[in-house]
Every structure is written in structure tokens, then in C-alpha cells.
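Visitor: Below is the sequence, then the predicted model.
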Amino acid sequence: MNPSMSETKPLSGLSVLLLEDEFLIALDAEEILTGLGAAQVEIVNSLPAARDALKNAGFHLALLDINVNGEMSYPVAEQFAKENVPVVFASGYEMRDPPWLNGAPVPCVSKPYTRDDLKSVVIAALGRA
Amino acid sequence: MPLFAEPHLTVTSDARARVNGQAERADQATRRMLERYAPAHVVVGPDNEVIRASTRTGKYLELSEGPPSTKVTDLARRGLRSAVRGVIETARSTHKRAFQREVRVDTGDDEALFVDVLADPLDEVEMLLVFQDTTALRDGTDPDDNAQVDGYSGEDRISHLEDELDETRLRLRTTVEELETSNEELKSSNEEMMSMNEELQSTNEELATVNEELKNKVDQLARANSDLHNFIEGTQVPTIFLDNRMRIRTFTPATKALFRFQEQDRGRLLSDVASRADEKLIDRLARRVLESGTPLEEELVIDGEERYMLRVLPYSDAQKETDGVILVFSDVTKVRQTQAELALNVALARQRTDEIETLYKTAPVGMALVDRNQRFLKINQHFADLTGRPIEDHIGRTLRDIALTLAERMDRPVEEVLEKERAIVNVEARVSVTGGVWQDFLIDFYPYQEEGRTIAVGILIKDVSELRRLERELRRLMGELQHRVKNTLATVASIVNQTVATKDDRVDLVETLKRRIGALAATHSLLTQHDWKDASLKDIVNTEFGPYDRPERIEISGPEVRLPPKHALTLTLTLHELTTNAAKYGALSAPDGRLAVGWEIREDGVEKRLTIRWRETGPRRENDAAIREGFGTRLIRNAVVHDLGGRVEHRLASEGLQCNISVAIP
């Protein structure tokens, strides 16, 4: 983790994996993440692509859409957690009972989200890691 | 002497009478002399019985104790008896006079009497016995001791007396025995009398009882008679008693509803009395019963609406002989009405029952009735279908016997209903009844009561598997919808963000936003028309080109292709940006520009691939770099790739813009 992370740019210099199957949403999310200081945002549109990405590069954060082309992304989230990559879920569902990873509930952000929404969960996720 | 004087007075009357009178006087004198002066005497018969006695014999004879005897030997006073017997025997044996002098007789006083006894046989049978008192002579002269003519010695007397004593003793004994016998007889007579008395007494008591019973009978009879009278007067049943000649014997007051009876009608012929009923018919029936002796029944209709049941019974007298008839009328008007109503109600009830039964059979609900031991009392076909066995298999067997898995869910509620007598409804159960598919059931349990006691439990079971499936589907769809709506909103938010970043002019910004979002909305509509399953590519294209003059400038060609939602939406956005660009800078921006959109489907066994060819002609542009790297271009070149894994070739050729889009479709 970058110790120089400012309050307004929690992702300064960090590499983020973005799992989102909708191009326009991914476009928006990418801009927000970049705005939060992310040095690199890798966008993947499927669960296998996300797994491949995990193998190749070291990410500091994963922003995962829960429902990707009708499939749930929990198994992928577990794999990221296993690699100690903090995970944030983005979902269209109301997450009344968020899934747990590494003994704590996974921070969730509900679509559509604003920059501030995403920022607070990103901070929460990075803070736990 | 007056005895002599009297005849003198009578003699003077007549001479002849005087002669006779002299003879009579002589007899009279003899009689008088015999009566007054002759010694006492008696004449005895052969058995010594006294035939005749003179006066003054009392001094010598007396009645002895015991049964009276006429024998002189029994009658003679004590001391005289042996003398009497002696002289009589002597006289009889000798046929001569015999006598005994100075027999001493105890009179009971101090003085003794001395008597001479003389027996003189009169003939063969009778004998005169004379008693001469010699006491006075003896006292004067005292010659007796020596003057015994027959020479009776002292020893003779003693032996005589001893004989007499023996005889007396014998008689005494006899008498005593007789007395004892008599006494015995008396005693037994007395006992007989006593027992007879007792019998009499018991007979008397019986008679009293019989009397009492008779009195009771009489009372009962009187009561019965009174009851009968009251019954006849008080009964509401019209009844007429006729004798064997059809004459009225009696009738109850209630008959006046049918007959105009007067009290004086008793004894008249029934047919003579005015009636509302058909008298001829009644008369005919009565005669028939009188002849046959068997009862008859006939329903009479009176005045068209009242109905009477006439019962004609033979009237039997005490000898069981038919001696008339009894006519009993029962007003059955109301009964008949009630019967008619009842028949109607029965028909209605049957109809209802049939309806219920039909409902029971055809309702798409399993129905069953189980008793306290959970044995089936009743079950309908639908329930039987659940267990897969015929209805008859269930009756009398328990739920557990038939369907264990169902029973496991129903045991407890059934027991609870029996215990609390309260219905339990909407019990959910997910059961695999026959070991196959799982089914969802909704079960209701109702107490079935008879006479206030819960004797069975009614079970209603509904298969709600389909309902549950639909519910799950609905929940899934709700989730799906939420996901989609949120994604759509996120997409719109992204469009807004991207558009805002590229447009400085507010009007242009709003118009651009409206068109982009509008394109998305149009495809949403197309998808919704087909339950969000798919949309036609042609429809999407046509909708996109809607605002433009097409026939001469736009050529659309391609087979019918149905696109799934994501394909439809991404292609919509892509085609929209292509169209927008064409309208701004390309074929649709100049009057001579032409646009051809064509597509084809190719299948190679592995996948089905759609290829869309976008061809613009005129106006000409300088080069490929003239394509503005704005949001629209980014979208055209990346959306299909990212969202659908497709390929996009987007370039400016010499004749105009060309774009090839290729995606796999399911």
C-alpha cells in the first residue's frame, strides 16, 4: 500500500482490476477509479478473464460486478481474497446480507454509484487489507 | 167329700143316665181307690221295662245317672234294686206271685224305709210289681225280724248285697268308660270345631279379600267407563261408531267438522245425516268392512282441498264377533302438504348433495376425512391421485400405511386438531410423496364435528408446486429486474457523464442525451414486447432510422435475426452512434449520400455468427484521421468487443465510412 495515499486519492499509484460486463458502465467506473488516483485500471468482461488477469499481474484492488453475464462472481472474489487482493462488490441488487471474505463482510457499492460512493468503499476495503 | 158329692148332683137329670151313672161312679170309685189308696205299682214288660206306672211310685223309683233307662231294675232306688230283680226273676221262673218283705231302702235321710216288694205275673210277658211301705207297721208291732214268711236269712241278704255291689261296680266302670269315651269324643269334636272355625275364619278373610278386589274392579270399571266417556268427548279425532245395521251408535264431537250431527242422531242411519263427505262411499266402505271383518283405509277429498284419511275398523263385541264398524277420520291435509314440501326439499337436498359430491369429486383439491385413529373415512379422487392408489385402497387404512412421507407432515396437525378442536390452515409441506419429484403442498385441517364432538379431521390438500415455482421465478425475475434496472441506470449515468464531457452547448447536450437514451429506450420497448427474450435486428435498425427519409437513401437488407437482450442493447448503442455520425458527418449529412446496412448469419457448426455491414457513400472525407475520436467512436469500436466479445472494423474508405461488426449469437 502506498503510504502517500491522500484522502482524496485513495488509489494513488495503485493497480485496479475492474470486472464489468457492460462497456458503458466500465467506461464510467474506469474514469472514477482514475479520478481516485488509480495508476492502472484493467477492465475484464468475464469471470475467466478476471481469473487470467489475477494470474498475470499483481493488483491492489478488485472492483467486481456481482452478476457478470448472469453468473455470480463470488468464486472469483474468493480467489482474489486468497491472493490478499482487497475486493469491492458492485451490484444492482440491494445487498442486505453481504458475503463474507477473510472473516469480514465484503464492502459493497450499489449501482449506479457516484465517485463518493466508490471512494468510501474503496477506502474501507483498503483499510481492512 | 166333694169326690162323692159331685155324682149325686148329676144323677138327678135322667133315669137312664142315672143307671149308667151308677156304673161310671163304680169305675170312678175303683180308679179313685187305685189312685189314692192302692199301693204304688208298675207294670213291666219282658225286659223289665216300665210299661205303665201308678201314682206315687217316686218313693221307690228314681232316675239314675247316665242315659235314662225305662228298666225298673235301673229305676229302683238303691237297696231296692236287688229285691226287685229277685222277685221278678222268681215270679218269671215260677209263674207265680213272689214277694220280699221289708226291704230296707236308704232314702238319703236318716230314716230308712222298709218296703214289701211283690211281683205278680199278669200274663206271659207283663208283670205287676207292687211296692208296699211297711215302715209304719214295723214301728208299731216290730214283728218283722221274726215274721219272715219266706225265711230270708241274713246271709242271703249279704250275698244279695254283694252281688248288687259287684253289679253296681261293673256298671260304674262301664259308665266311667262310657264317660271317658264320651269325653274323648267331645274333645275331638271340639278340635274339629276349632279347625272348622279356623277354616271358616280363613274363608271369611278370603271372602273379604275377594270383596275388596271386586270393589277395586268396580272402581276401575267405573274409572274406565269415565275415561272412555271423557275420551270420546275430548278426542280431536273424528270417530263414529256404527252398529251392524249402519245406525249411529255414538260419535265424537270432532265429527261435527264433517257431519251435521245432532244428539238425537244416535240410532239413525248414517246415510240419513247430512255430511260434507261422500256418504255413499263411506256407507259402501262400512258395509264392506262389516262383511269382511278386515279394516280398510281410504283417503277422502273434501271440498277439493281438505284431505281426510278414513280408517274403517270392525267393531268387535265381547265375543269377538263383528258387531258394527268404527269410522276414524284423520285430517291429513297438512300431512299431505308437508309431504309435498318434504319431497321438494328432499329433491333439493339431493341436488345439493349431488352438487357437493360433484364438487368433492372434481375440485382440484385433495379432500379426505380421517378418524381419531387417522384412518381414512372418505377420500376424493384428487387425494387418491396424490398417493397414486385407488380410492378403495385408502378406506379404513391409516395415512401412515398409504403415504408415509405425507403422514409425517400430517400426523401432528391432525392430533392437534382433535385435541384443540380448532382448524389449522395453510400448513406448508414440501414432500416427495411417491419417492419421485418433490411437491409443495398447502394443507388445511378442519375438525369434523357431530353432536358437538370432534370425531374426525377433514384434510384439504392443494398442490402448490406450480405456484411455488412461479413464486421462485418471480423472485428471480424481481432480482433480475433490479439488476437490469440498476445496470440500465448505471449505463444512463455513464452516457450522461460521457456526453457532458464532450458537449459545451447545452441544447446540443440535451438533444444528444435524449437521442442516446431514446435509442436505448426504443430497444427496451422492443425487448419488452417479447418478454425481454429477444428483439428483431430489423426492428432495431428500422427504429433507429425512423427519423430519416429512407426509401431512396437508406438500403436495409438482411434475414430475420432475433437478438438476445444484451446483443440488442449493445448493437442498438453502436448502430445509434454510427447513425448519429452518418447524420453529422457522413452519408446522411449530404443530399446525395447513400447508406446501405446489410447483415447475414453464418453457421459453421461451432457457432452462429452475425455479421453486419455498414456502407456509406459520399460525401467524401479527407482520411481516416478525420474520424473524431469522441465518445461515439469509442463506443462503436469497443462496446461490441467488450460486451459481446465481437469484432468491429471501423474505417473511412475512399467512398465513405465502412463498418463491419461480427458477433456470435446464441
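Guide: In hand now; what should we look at?
Visitor: Quick one: the helices in chain A, in order.
Guide: Along chain A, the segments classed as helices by DSSP state H run A:23-35, A:47-56, A:74-82, A:115-128.
Visitor: Run through who's touching the second one.
Guide: In other words, helix A:47-56. Taking Cβ atoms under 8 Å, 6 or more residues apart in numbering or on different chains as the criterion, the residues outside helix A:47-56 that touch it are A:17, A:19, A:42, A:44, A:59, A:62, A:64, A:68, A:71, A:73, A:75-76, A:79-80, A:83, A:85. In short, each C-beta sits where N, CA and C put it, glycine included.
Visitor: what's the answer for the shortest one, then?
Guide: By Cβ under 8 Å, 6+ apart, the residues outside helix A:74-82 that reach it are A:17, A:19, A:47, A:50-51, A:54, A:59, A:62, A:64, A:66, A:87, A:89, A:99, A:101-102, A:106.
Visitor: With stretch B:629-639 instead?
Guide: Residues lying outside stretch B:629-639 but in contact with it, judged by Cβ under 8 Å, 6+ apart, are A:23-24, A:27, B:498-499, B:501-502, B:570, B:573-574, B:577-578, B:580-581, B:627, B:648, B:650, B:659.
Visitor: which residues touch the residue in chain A that chain B sits nearest to?
Guide: When distances are taken as Cβ to the nearest Cβ, chain A approaches chain B most closely through A:Gly92, which lies 3.1 Å from it. Contacts here follow Cβ under 8 Å, 6+ apart; on that basis A:Gly92 touches A:Ile66, A:Asn67, A:Ser110, A:Lys111, B:Gln482, B:His483, B:Arg484, B:Val485, B:Lys486, B:Asn487, B:Ala490.
Visitor: Out of those residues, who's the most crowded?
Guide: Sorting the contacts of A:Gly92 by how many neighbours each has (other Cβ atoms under 10 Å in any protein chain shown) puts A:Lys111 first, at 26 neighbours.
Visitor: mind checking how far it is from A:Asp117?
Guide: Relative to A:Asp117, A:Lys111 is positioned 9 Å away (Cβ to Cβ, to the nearest Å).
Visitor: Centroid-nearest residue for chain A?
Guide: Of all residues in chain A, the one closest to the mean position by Cα atoms, centre = their mean is A:Leu63, 1.3 Å from it.
Visitor: can you tell me how far that one sits from A:Gln79?
Guide: Applying Cβ to Cβ, the value for A:Leu63 to A:Gln79 is 15 Å.
Visitor: For residue 60, list the residues it contacts.
Guide: Picked chain A for this. In this structure, A:His60 makes contact with A:Met1, A:Leu11, A:Leu14, A:Ser15, A:Val16, A:Val85, A:Pro86, A:Leu126, judged by Cβ under 8 Å, 6+ apart.
Visitor: The intended chain is chain B.
Guide: Contacts were defined as Cβ under 8 Å, 6+ apart; by that measure B:Tyr60 touches B:Ala40, B:Ala76, B:Arg77, B:Leu80, B:Val105, B:Val115, B:Phe131.
Visitor: repeat that for 10 Å
Guide: B:39-42, B:72, B:75-77, B:80, B:84, B:103, B:105, B:113, B:115, B:117, B:129, B:131, B:133 (Cβ atoms under 10 Å, 6 or more residues apart in numbering or on different chains).
Visitor: same deal with B:Gly645?
Guide: Neighbour list for B:Gly645: A:Asn45, A:Ser46, A:Ala49, A:Asn69, B:Val663, B:Ala664 [criterion: Cβ under 10 Å, 6+ apart].
Visitor: Cross those against strands and list the overlap.
Guide: If you go by DSSP state E, these have B:Val663, B:Ala664 in strands.
Visitor: between the contacts of B:Gly645, which is closest to B:Asp411?
Guide: Nearest to B:Asp411 among the contacts of B:Gly645, counting by Cβ to Cβ, is A:Asn69 at 47.6 Å.
Visitor: what's the distance between that closest one and B:Arg475?
Guide: 20 Å.
Visitor: okay, those two: which has more neighbours?
Guide: When A:Asn69 and B:Arg475 are compared on other Cβ under 10 Å, the one with more neighbours turns out to be A:Asn69, at 13 against 10.
Visitor: do you know how far the closest residue to the more buried one other than its chain neighbours is from A:Asp52?
Guide: Taking Cβ to Cβ, 6 or more residues apart in numbering or on different chains as the measure, A:Asn69 lies nearest to A:Asp21, with 5.2 Å between them; neighbours along the chain are not counted. Note on A:Asp21: its distance to A:Asp52, by Cβ to Cβ, is 15 Å.
Visitor: Quick one: list the elements packing against the helix or strand hosting B:Glu291.
Guide: Assessed by DSSP states H and E, B:Glu291 sits inside helix B:279-292. Counting contacts by 3 or more Cβ pairs under 10 Å, 6 or more residues apart in numbering or on different chains; DSSP states H and E, helix B:279-292 packs against strand B:239-242, strand B:296-302, strand B:306-316, strand B:322-331.
Visitor: Now do the longest one: which elements does it pack against?
Guide: Going back to what we said before, that points to strand B:306-316. Applying 3+ Cβ pairs under 10 Å, 6+ apart, one finds that strand B:306-316 makes contact with strand B:239-242, helix B:279-292, strand B:296-302, strand B:322-331, helix B:333-362.
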